[in-house]
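Engineer: this is the structure alone, sequence omitted:
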């Protein structure tokens, strides 16, 4: 799937077209900018950016621009689940997959409410230390309960952890985190991503490639089969790729979010040993329009592609 808010699911058929959205009261332009920053379609020719994002629907003549996944992200989607379900009902009628990218701080009631309308769910598991979660204003246990519940419901689940030096990168914490995930299911993909300094946040130090490699090794020792290292493309060995858990065959080769090779069978199996690969796969990979988000106010090849009649 194309990255929604730069947190893509990797064990889902890579998509040419994905929409990412959030709900912010007008007159803030942020909703439009968030939409445009993560979508690859549809961009129409007339009206303001807000009108283009909020009010126009692509026609069948522009079917090549219609997304095949709608992701609710950016701001915490659980707090606007009524709106998300209203959108997802329409998305399902259009044949789209639906997804949340979320902090996972959900109640059993909200998970039951969204369950009939959601296909994919990515949880940002920020730490495995309750003290750290309380520093951030939350608690660890509700997130762990959400992860268990989503897996039991049959929603395709992936986990992301931003590895921050001195905060959540100790061997013991990573071992406890990955042991928990493997106990829920060894097939849950775990994305461990690199922190970097930005703007006024000048500490701690940036996460190094060797930190991600160490975390991935701990995850493998804990029994996880699908581990991905992110935010440092080309610097984390083969941890951007999807491999068969049985024979080790490279199945999807990536550089960042760019798909360089795709070898899964139409059934979602390994072509070498025919082992099924857990995930949500389509019968074929249609290619990509872009391997990075569309950024408004910047001329790009993506704009040229989508501006063609």
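Structural biologist: Structure's in. What do you need? The shown structure was predicted, so the numbers you read here are calculated from the model rather than taken from an experiment. Numbering: from 1, shown residues only.

Engineer: okay, now the unreliable bits of the protein?
Structural biologist: 1-8, 15-74, 289-309 (pLDDT under 70).

Engineer: that one: helices as residue ranges?
Structural biologist: 30-38, 49-54, 81-93, 108-114, 130-135, 140-153, 171-184, 209-222, 301-307 (DSSP state H).

Engineer: a markdown table for those, including distance to residue 159 and mean neighbour count?
Structural biologist: Quick note: C-beta positions are derived from backbone N, CA and C, even for glycine. As requested, the helices of the chain are arranged in a markdown table below (distance: least, Cβ to Cβ, whole Å; neighbours: other Cβ atoms under 10 Å):
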| stretch | distance to residue 159 | mean neighbour count |
| --- | --- | --- |
| helix 30-38 | 20 | 19 |
| helix 49-54 | 29 | 16 |
| helix 81-93 | 20 | 16 |
| helix 108-114 | 16 | 15 |
| helix 130-135 | 15 | 14 |
| helix 140-153 | 7 | 18 |
| helix 171-184 | 6 | 18 |
| helix 209-222 | 10 | 18 |
| helix 301-307 | 29 | 14 |
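
Engineer: export those helices to a markdown table and tack on distance to residue 202?
Structural biologist: Formatted as a markdown table, the helices of the chain follow (distance: least, Cβ to Cβ, whole Å):
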| stretch | distance to residue 202 |
| --- | --- |
| helix 30-38 | 24 |
| helix 49-54 | 32 |
| helix 81-93 | 36 |
| helix 108-114 | 37 |
| helix 130-135 | 19 |
| helix 140-153 | 28 |
| helix 171-184 | 24 |
| helix 209-222 | 18 |
| helix 301-307 | 32 |
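
Engineer: to residue 259, which of these lies closest?
Structural biologist: helix 301-307 (15.8 Å; Cβ to Cβ).

Engineer: hang on, residue 205 packs against residue 164?
Structural biologist: No - the pair formed by residue 205 and residue 164 falls short of the contact definition of Cβ atoms under 8 Å, at 9.6 Å.

Engineer: looking at the two, which one has more neighbours?
Structural biologist: residue 164 (19 against 13; other Cβ atoms under 10 Å).

Engineer: quick check: that one touching residue 195?
Structural biologist: Yes - the criterion here is Cβ under 8 Å, and residue 164 meets it with residue 195 at 4.6 Å.

Engineer: shared neighbours, the two?
Structural biologist: Residues touching both residue 164 and residue 195 by Cβ atoms under 8 Å, 6 or more residues apart in numbering: 204, 207.

Engineer: so which residues make contact with the longest strand along the chain?
Structural biologist: Counting residues, the longest strand found in the chain (DSSP state E) is strand 156-163. With contact meaning Cβ under 8 Å, 6+ apart, strand 156-163 is reached by 7, 9-12, 119-127, 147, 150-151, 168-169, 177, 181, 188-195, 207, 211-212, 215, 230, 279-280.

Engineer: now stretch 134-150
Structural biologist: 103-108, 111, 121, 123, 125-130, 133, 157, 159, 180-181, 184.

Engineer: try stretch 242-256
Structural biologist: With Cβ under 8 Å, 6+ apart, stretch 242-256 has contacts from 10-11, 14, 187, 225-226, 233-234, 238, 240-241, 259-264, 270-273, 275, 277, 291-292.

Engineer: pull up the distance across it, start to finish.
Structural biologist: 12 Å (Cα to Cα, to the nearest Å).

Engineer: what comes up buried for that stretch?
Structural biologist: Buried residues in stretch 242-256, counted by 16 or more other Cβ atoms under 10 Å: 242, 243, 244, 245, 249, 251, 252, 253, 254.

Engineer: measure residue 125 to residue 207 for me?
Structural biologist: Distance of residue 125 to residue 207, given as Cβ to Cβ, to the nearest Å: 16 Å.
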